[in-house]
Structures are given as structure tokens and as C-alpha cells.
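Participant: return atomic coordinates for the entry below.
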Amino acid sequence: MEIKTDDLTGDKIICLIREHLQGMAHVSPPESIHALDLETLRKPDITFWSAWEGGELLGCGALKELDSQHGEVKSMRTASSHLRRGVARRLLQHIIEEASVRGYQRLSLETGSQEAFEPARRLYTGLGFHSCQPFSDYAADPNSVFLTKTL
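Facilitator: Okay, the predicted model is just below:
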């Protein structure tokens, strides 16, 4: 698996982000969707990576800088045909490593509280994330789970 910085212009990654946004809309009420669109993911405070095997897109993930010591995991998505193959785990490990290299003291994320997000929550807690209060601009929401990890 090759993980590379992505400029979000390729057809495959555009399709995966659309799939990600549609998936969020399918399981979460509109006011509880915090997934970012392509334009927002291209902002300078966000680094976006895609995972590839040959010419096949496996998944993606991003790191948003909240401040000089705090980052946020965003846009974690595994392509449907590659679920349960370790793609998300490897991407998340890459993001954690990059956050450490940048000198962040903490890495946080928001994910859904619904059953559909249970595999994601298991992944995050399995890599050392634990429950926390809403951070940054988030507000308490019964449809959201907030997790953080000290680096």
C-alpha cells in the first residue's frame, strides 16, 4: 500500500469523497454531518492523503491543523471494495505519525454515534483514542462521539 499526499483532483478520489458525503447523509441528520467537501479539503490547513495499490484507490484520510499543538483527523474513508483489509488502520497510523512529526500534543476527531460508525469507533479506540468533550467549533450532539489521543 502506498500512501501519498493527494491534491483532490483525480476522478477516483473525487468519486470516493462523493461516496463519503453520500454515506454520511444516509446515516446522519444534516445538522450532524461534519464531513468536508472537496473545496474545504483543499484549504491550506488540511493535508489530505490517499492510499493506493497499483492504480487502485483503497481509501483516504486527512489531518487538519487546529493550532500549533492540536490536530484533527478528517475524511477517513475506505473504498467499499477494500473494507476490512487494514486500509483505515494504516491511514490512521500514517496520520498519527505525521501529527507527531509536526509536534502536535493532541490529535482529536469527531465520528458518529450511530451503529454504522461502530467499526470506526473500534478502530479509533484500538489505536489509543478515548472519549473527550467537544473540541474546536463542535457542540455537544447526540449524533456525535468526540475522541482524542495525547501524542
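
Participant: neighbours around residue 112, how many?
Facilitator: 20 (other CB atoms under 10 Å). Every residue, glycine included, has its C-beta placed from N, CA and C.

Participant: got the contact list for the biggest strand by length in the chain?
Facilitator: Taking DSSP state E as the assignment, the strand of the chain that covers the most residues is strand 56-67. For strand 56-67, contacts defined as CB atoms under 8 Å, 6 or more residues apart in numbering pick out 1, 6, 12-13, 16-17, 20, 36, 41, 45-52, 71-79, 82, 85, 87-88, 91-92, 94-95, 98-99, 102, 108, 135-136.

Participant: what do you get if the cut-off is 6 Å, keeping everything else the same?
Facilitator: By CB atoms under 6 Å, 6 or more residues apart in numbering, the list of residues contacting strand 56-67 from outside reads 12, 16, 45-51, 71-72, 74-79, 82, 87, 91, 95, 98, 136.

Participant: give the bridge partners for residue 71, please.
Facilitator: residue 65, residue 107 (DSSP bridges).

Participant: helices and strands of the protein: which one has the lowest mean pLDDT?
Facilitator: Every helix and strand of the chain was ranked by mean pLDDT, DSSP states H and E. The lowest is helix 11-27, at a mean of 92.
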